[in-house]
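# structure for this input, please:
(one chain, ligands or ions: 1)
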Amino acid sequence: MPASGTESGPLAFVFSAPTRIVYGEGCAAEAGIEMSALGGRRPFLVTDAGVRAAGLAYGVMKALGKACAGVFDEVPQDTGVHVVEKAAELARSCGADGVVSLGGGSVLDTGKGLALLLTEGGRLADYQGFQMLTRRQAFHVAIPTTAGTGSEATTVAVIKDHQARSKVLLFDAHLAPDVGLLDPRLLVSLPPRITAFTGMDALTHAVEAVHSLQAEPFSDALALHAVRLIAGSLPACVERGQDLEARGRMLVAATLAGQAFTNAMVCVVHALAHTLGGRFGVPHGLANAILLPFGMEYNLESSAARYALVAEAFGVRQAGMGAEESARAAVEAVRDLSARVGLPRRLREAGVPRESLAEVADAALSDGSIVYNPRPADAASLAELLEAAW
Ligand code: NAD
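Numbers count the residues shown, from 1 in each chain. Have a look, this model is predicted:
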């Protein structure tokens with residue numbers, strides 16, 4: 001579908017950004033107030049060991065005070081169906097009526113699954129897929145400590161089935177957290193490498209929202225501003241983790257990109273990154289960072305005008321360039337940013353075995369993200385993309 005930025009404009013679209021966003025240094029201390037405003041009384045705090053070790057949970061526990069029903073900090077990278085079900089059992093036994101999640105995407109997605117199980121009961125697998133929920137879920141206040149996934153503002157939860165070595169996608173308007181508290185102080189402890197690849201994750205959300213078949217003017221506006229903020233702020237966050245202004249701009253960018261892609265959707269890069277994360281545990285942001293320029297090259301012909309907008313957001317001077325040249329400049333801008341923040345360029349550096357590429361290509365065709373990609377994909381074309389990225 002032609003989207004904004006082209007002559008014809010979109011034919012029809014729906015845009016929704018249901019999560020209330022609160023931004024400010026120290027605003028995590030408002031978790032209790034936000035929860036009460038939602039009618040919550042017994043929050044269950046979900047976090048992980050790394051976030052706790054960084055000393056970030058204490059302030060939120062203090063903000064929740066005696067109302068806090070319990071704490072679960074056993075969320076691993078990419079979380080898991082069994083992890084969410086364990087957290088739900090514990091939360092129910094504590095009489096919790098909702099969730100406060102504090103962490104990266106793995107924790108926030110656990111919070112979404114937990115709010116669902118507290119409301120609906122049953123098993124997560126019963127709700128896999130699109131729009132399976134019919135009512136509002138238990139309250140969820142999400143507090144991101146990475147600037148990447150945008151999960152605080154998205155309607156999707158990505159939860160790994162560790163037995164099947166695949167990622168389960170739950171996509172539902174009722175999964176969006178009620179509130180996202182964006183507190184840049186919580187990101188100061190994020191190590192440079194995780195800062196780098198989570199930031200590239202946000203960039204990938206933005207670029208994939210722009211080239212998606214479902215792009216529209218609202219998602220474009222959010223995504224392209226996210227690109228501007230990321231291009232200007234990610235290196236500063238990696239080089240000077242204490243820079244609160246840069247951390248704040250990245251937090252905002254990640255949320256904007258989340259709002260963009262939860263409407264416009266993501267495409268081939270995510271279909272492959274989900275598969276690599278499920279099979280080989282490649283961190284989501286790292287897989288996206290490596291694959292994004294190759295995914296853009298894959299789509300170059302169908303999306304040149306769209307990538308010219310990305311180049312513009314990167315601040316590339318395009319005078320005298322045709323659409324294809326601008327598009328190639330956008331791909332190079334992405335590669336340069338990734339290199340500047342110290343990330344590897346190739347899948348082989350992320351522990352992906354070459355002999356797995358055909359199987360990864362095949363499996364990625366079953367990922368829901370692939371249907372929004374502007375250029376059709378089949379096993380052979382994806383294998384070629386992966387081979388180039390390897
Ligand atoms: P993560 O949540 O897995 O965290 C990575 C590591 O960083 C963890 O060890 C954590 O303890 C540590 N960490 C987090 N914040 C920290 C801080 N402030 N200081 C010190 N250490 C900190 O990483 P992520 O990239 O945020 O999330 C990835 C997950 O999110 C994947 O499972 C991915 O599939 C999912 N995801 C979800 C969505 C969505 O919309 N729901 C979108 C993209 C990705």
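# now find how far off-centre the helix ranked longest in the chain is within its chain.
The helix that spans the most residues within the chain, counting by DSSP state H, is helix 217-239. Using Cα atoms, centre = their mean, to the nearest Å, the distance from the centre of helix 217-239 to the centre of the chain it belongs to is 14 Å.
# show me what that helix packs onto, helices and strands only.
helix 192-211, helix 244-264, helix 300-314, helix 323-340 (3 or more Cβ pairs under 8 Å, 6 or more residues apart in numbering; DSSP states H and E). C-beta coordinates here come from the backbone N, C-alpha and C atoms, glycine included.
# distance-wise, check the residue most central in space within the chain relative to Gln163.
To find the centre residue of the chain, average its C-alpha atoms and take the closest one (Cα atoms, centre = their mean): that gives Thr149, at 2.2 Å. From Thr149 over to Gln163 the distance is 24 Å, taken as Cβ to Cβ, to the nearest Å.
# equivalent analysis for Ile230, please.
As defined by Cβ to Cβ, Ile230 lies at a distance of 35 Å from Gln163.
# which one of the two has more residues nearby?
Using other Cβ atoms under 10 Å, the more surrounded residue of Ile230 and Gln163 is Ile230, with 28 against 9.
# residues contacting that one?
For Ile230, the set of contacting residues under the criterion of Cβ atoms under 8 Å, 6 or more residues apart in numbering consists of 199, 202-203, 206, 250, 253, 257, 337.
# ok, now with 10 Å
In this structure, Ile230 makes contact with 147, 199-200, 202-203, 205-207, 237, 249-250, 253-254, 256-257, 313-314, 337, judged by Cβ atoms under 10 Å, 6 or more residues apart in numbering.
# just the strands in this protein please.
20-23, 43-46, 70-72, 98-103, 129-130, 139-144, 156-161, 166-171, 179-182 (DSSP state E).
# just send those back as JSON lines, with mean pLDDT and mean neighbour count too.
Compiled in JSON lines, those are given as follows (pLDDT from 0 to 100; neighbours: other Cβ atoms under 10 Å):
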{"stretch": "strand 20-23", "mean pLDDT": "98", "mean neighbour count": "16"}
{"stretch": "strand 43-46", "mean pLDDT": "98", "mean neighbour count": "29"}
{"stretch": "strand 70-72", "mean pLDDT": "97", "mean neighbour count": "20"}
{"stretch": "strand 98-103", "mean pLDDT": "98", "mean neighbour count": "30"}
{"stretch": "strand 129-130", "mean pLDDT": "86", "mean neighbour count": "12"}
{"stretch": "strand 139-144", "mean pLDDT": "98", "mean neighbour count": "30"}
{"stretch": "strand 156-161", "mean pLDDT": "92", "mean neighbour count": "23"}
{"stretch": "strand 166-171", "mean pLDDT": "84", "mean neighbour count": "20"}
{"stretch": "strand 179-182", "mean pLDDT": "98", "mean neighbour count": "25"}
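# figure out which of those is closest to Ala87.
Each of those was checked against Ala87 via Cβ to Cβ, and the shortest separation belongs to strand 70-72, namely 4.5 Å.
# okay, now the sheet partners of the closest one, with direction.
Partner strands and pairing direction for strand 70-72 (DSSP bridges) are strand 43-46 (parallel).
# and the partner strand, does that touch the ligand?
No - Strand 43-46 does not reach the ligand (Cβ under 6 Å from any ligand atom); its nearest approach is 11.2 Å.
# what's the end-to-end length of stretch 154-163?
For stretch 154-163, the separation between the terminal residues is 26 Å (Cα to Cα, to the nearest Å).
# near the ligand, anything from that stretch?
Yes - for a cut-off given as Cβ under 6 Å from any ligand atom, stretch 154-163 has contacts with the ligand, namely 154, 156-158.
# and stretch 118-138, by the same measure?
No - using Cβ under 6 Å from any ligand atom, stretch 118-138 never reaches the ligand; the gap is at least 13.9 Å.
# please save the CA atoms from that stretch in CSV.
Extracted C-alpha coordinates of stretch 118-138, given in CSV (Å, rounded to 0.1, in the frame of the first residue of the first chain):
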residue,chain,number,x,y,z
LEU,A,118,-4.2,-12.9,36.4
THR,A,119,-7.3,-11.8,34.4
GLU,A,120,-8.0,-14.8,32.3
GLY,A,121,-6.4,-17.8,34.0
GLY,A,122,-5.5,-20.8,31.9
ARG,A,123,-2.2,-21.1,29.9
LEU,A,124,-0.4,-18.6,27.7
ALA,A,125,-0.7,-20.9,24.7
ASP,A,126,-4.5,-20.4,24.8
TYR,A,127,-4.0,-16.7,23.8
GLN,A,128,-1.2,-17.1,21.2
GLY,A,129,-1.9,-15.1,18.0
PHE,A,130,-3.9,-12.0,17.2
GLN,A,131,-6.7,-10.3,19.2
MET,A,132,-7.7,-13.3,21.4
LEU,A,133,-8.7,-11.1,24.3
THR,A,134,-12.1,-9.5,24.7
ARG,A,135,-11.8,-7.4,27.8
ARG,A,136,-9.5,-5.1,29.8
GLN,A,137,-6.7,-6.9,31.6
ALA,A,138,-5.4,-6.5,35.2
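# quick revisit: which of the helices and strands packed on helix 217-239 sits closest to His174?
The minimum distance between His174 and the helices and strands packed on helix 217-239 falls on helix 244-264, with 12.8 Å, by Cβ to Cβ.
# distance to Asp78 added to the strands of the chain, as TSV?
Converted to TSV, these look like this (distance: least, Cβ to Cβ, whole Å):
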stretch	distance to Asp78
strand 20-23	25
strand 43-46	15
strand 70-72	16
strand 98-103	12
strand 129-130	19
strand 139-144	16
strand 156-161	4
strand 166-171	7
strand 179-182	21
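# contact partners for the closest residue to Gly150 other than its chain neighbours?
Taking Cβ to Cβ, 6 or more residues apart in numbering as the measure, Gly150 lies nearest to Gly258, with 1.9 Å between them; neighbours along the chain are not counted. When contacts are counted by Cβ under 10 Å, 6+ apart, Gly258 is found next to 17, 19, 105, 144, 148-156, 176, 180, 202, 205-206, 209, 222, 226.
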